[in-house]
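>>> Provided below for reference: sequence and predicted model.
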Amino acid sequence: MERLLNTLRAIEKVDYIKTKQYLTNGDPKELVKEAVNLADEVLITQEGRPNFDNIAYLKANGFNVFPGETDSFGWLTGCIRTSKGIIVFG
């Protein structure tokens, strides 16, 4: 969790990542790719459900985490709001 939190904080500080609506794994910036991969690891359980304990930890540290796409079974993607844009994972 700390690696994800530190990566999100780094994304907000660097100048070379420009603000846009969505930041995804397809983004060429390594910090964004790392954040998406870490979010996939720690914000999704092995059963494929949201890890609400880790989500609460990020929220307590200033990063809003919320569902992106959903269906009748729950979250299909998740989102983390940063000052640079929304990071999409899942």
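Done, it's in.

>>> mind checking which helix or strand of the chain has the lowest mean pLDDT?
Among the secondary structure pieces of the chain, namely its helices and strands, strand 22-23 has the lowest mean (mean pLDDT, DSSP states H and E), a mean of 82.

>>> mind listing what the most centrally placed residue in the chain touches?
Within the chain, one residue has its C-alpha closest to the average C-alpha position: by CA atoms, centre = their mean, that is residue 80, at 4.0 Å. Under the criterion of CB atoms under 8 Å, 6 or more residues apart in numbering, the neighbours of residue 80 are 8, 35, 39, 58, 63-65, 86-87, 89. For every residue, glycine as well, the C-beta is placed using N, CA and C.

>>> rerun that using 6 Å as the cut-off
Applying CB atoms under 6 Å, 6 or more residues apart in numbering to residue 80 gives the contacts 63, 65, 87.

>>> need the contact list for the last one.
With contact taken as CB under 6 Å, 6+ apart, residue 87 is in contact with 23, 35, 80.

>>> you'd agree the residue nearest to the centre of the chain is in a helix?
No - the assignment for residue 80 (DSSP: H, G, I helix; E, B strand; the rest coil) gives strand, which keeps it out of a helix.

>>> what about it, distance to residue 24?
Residue 80 sits at a distance of 11 Å from residue 24 (criterion: CB to CB, to the nearest Å).

>>> And residue 50, by the same measure?
Here the distance between residue 50 and residue 24 works out to 18 Å (CB to CB).

>>> Check residue 58 too.
Separation of residue 58 from residue 24 (CB to CB) stands at 18 Å.
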